[in-house]
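Visitor: My questions are about this predicted structure, shown below with the sequence.
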Amino acid sequence: MSTYKVISADSHSNEPESLYDRLPAEYRARAPHEETIDGKRYLVYEGRPPSPIDAPNPLNEDDMQRYWRDGEAVGRQQHREGGMHVPTRLSDLEKDGVSAEVIYPQAVFKQFSSPDARFQKALARLYNDYHHEMFGEHPDQFVVSAQVPIVDIDDAIEECQRVALMGYRSLSLPVSMPMYSYNSPRYEPLWAAVEELGIPLAFHVFTSGPLPTPAPEPEEKIPNDLEGQVLGMSLAMYPMVQLIGSGALQRHPDLKFVLVESGIGWLAWLLTQMDDNHHRRHMWEVPKLDLLPSEYFKRQGYATFADDVVGLMVREVTGVDCLLWGSDYPHDEGTFPHSREVIERIFKDVPDDEKRKIVGENAAKLYGFPME
């Protein structure tokens, strides 16, 4: 495996709270922040219930390698120094055997949920400017996914065009839009603009647009962590089916999209079910699709995974050109610092040419990373 170039198509950065000092004064009090509620620490951001920060159970030594350290103290959940410090990140990548990354800021979990279009636009610009400053000097090693304000479509198009001029090569939208699903005609100008820019869209799991009635109470994730993590990944099915079923991919054949941190074990089942529905219920299709639903995905879609041997077992159905490996660095559910070991284990029965595509070549082609 050491001769293969490994590119993580799903990694993360972290933003310091001091970043929000750059917001216009009218928005600073509404910025994401930590808050103590009933003696527990929470992350608070507009449009979502407060989210707990600290794990209730002790971390073992291996866990601590995946968490941020300040001296000997383990820092905030899912934080590691490399999330905010490029030299440390580069050192961690070298240790982990990873050559380049597509980076999704923590902003993907914070920025989309506000129903206020002006506030969302201000946050998106702040995040995109900051991450360009942080990673922009390393285009061969880092592609950061720009945050797109989605409440107002004109704002979305404007920011996509602005970040394209800055050199961004990925555009993030929330995986779930509870108020306006992606099969709505309101998105048509956005799909056309993104297709023209030639930049792939990204739908990262665990992200959501504004909720109709945001819950004000703290979100106690811990008792339902299995439910939240596993079922949350299944939400990636929604934008995929909506883009295909609405005819958006048919109308925009050069529009590319990536389902991020979704895993791939479910993908073969969904592709076959969509095609079966197309055959049996074609008389109800609006618009009528010219190709099989699975063919649109294989032509224009991708999905990332970290440790999903089941998904690799069914690659005869999915193909390999749509599969992207990712470490999820520096998150606790990711493969760091054991990425090479994980790759060796889950790819042990995969031919070398297919392995090479999935762990590096597909991402290089999609995002413009060098493969030398």
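Guide: Perfect, thanks for sending it.
Visitor: Could you list the buried residues of the helix or strand where Met274 lies?
Guide: Using DSSP states H and E, Met274 sits in helix 267-280. Going by neighbour count (16 or more other Cβ atoms under 10 Å), the buried part of helix 267-280 is 267-268, 270-271, 274, 278. To be clear about C-beta, it is placed using only N, CA and C from the backbone, and glycine gets the same treatment.
Visitor: after it, next one along is what?
Guide: Next helix or strand after helix 267-280 toward the C-terminus (DSSP H and E): helix 293-300.
Visitor: Need the residues that contact that following helix.
Guide: 240-241, 243-245, 249-250, 253-257, 271-272, 274-275, 277-278, 289, 291, 318-319, 321-322 (Cβ atoms under 8 Å, 6 or more residues apart in numbering).
Visitor: The same query, at a cut-off of 7 Å, please.
Guide: With contacts defined as Cβ atoms under 7 Å, 6 or more residues apart in numbering, helix 293-300 is touched by 240, 244, 249-250, 255-257, 271, 274-275, 278, 319, 322.
Visitor: so can I have TSV of the residues you listed showing pLDDT?
Guide: Shown next, in TSV, are the contacts of helix 293-300 (pLDDT from 0 to 100):
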residue	pLDDT
Met240	97
Ile244	97
Leu249	98
Gln250	98
Leu255	98
Lys256	98
Phe257	98
Leu271	97
Met274	95
Asp275	96
His278	93
Gly319	97
Cys322	98
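Visitor: Need the max-distance pair from the residues you listed.
Guide: Across those, the longest distance by Cβ to Cβ is 21.6 Å; it joins Lys256 and His278.
Visitor: list the helices and strands the helix holding Met274 packs on?
Guide: helix 237-245, helix 293-300, helix 315-318 (3 or more Cβ pairs under 7 Å, 6 or more residues apart in numbering; DSSP states H and E).
Visitor: Could you export these as JSON lines, including distance to Thr213?
Guide: What follows is these, written out as JSON lines (distance: least, Cβ to Cβ, whole Å):
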{"stretch": "helix 237-245", "distance to Thr213": "19"}
{"stretch": "helix 293-300", "distance to Thr213": "33"}
{"stretch": "helix 315-318", "distance to Thr213": "37"}
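Visitor: Let me have these in TSV, adding mean neighbour count and distance to Leu165 as columns.
Guide: Listed next are the helices and strands packed on helix 267-280 as TSV, based on neighbours: other Cβ atoms under 10 Å; distance: least, Cβ to Cβ, whole Å:
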stretch	mean neighbour count	distance to Leu165
helix 237-245	21	26
helix 293-300	20	24
helix 315-318	15	35
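Visitor: pLDDT weak spots in this structure?
Guide: Along the chain, the model assigns pLDDT under 70 to residues 1-2, 64-79, 214-229.
Visitor: if we go to 50?
Guide: 1-2, 69-78 (pLDDT under 50).
Visitor: What distance do you get for the residue nearest to the spatial centre of it to Gln141?
Guide: The centroid of the chain falls nearest to His204 when counting by Cα atoms, centre = their mean (3.0 Å). According to Cβ to Cβ, to the nearest Å, His204 stands 20 Å off from Gln141.
Visitor: Buried residues of the helix ranked longest in the chain, list them for me.
Guide: Secondary structure assigned by DSSP state H gives helix 117-135 as the longest helix of the chain. By neighbour count on 16+ other Cβ under 10 Å, the buried set for helix 117-135 is 117, 119-132, 134-135.
Visitor: Now do the next helix or strand after that helix: distance to the chain's middle.
Guide: Next helix or strand after helix 117-135 toward the C-terminus (DSSP H and E): strand 142-144. How far strand 142-144 lies from its chain's middle: 12 Å, per Cα atoms, centre = their mean, to the nearest Å.
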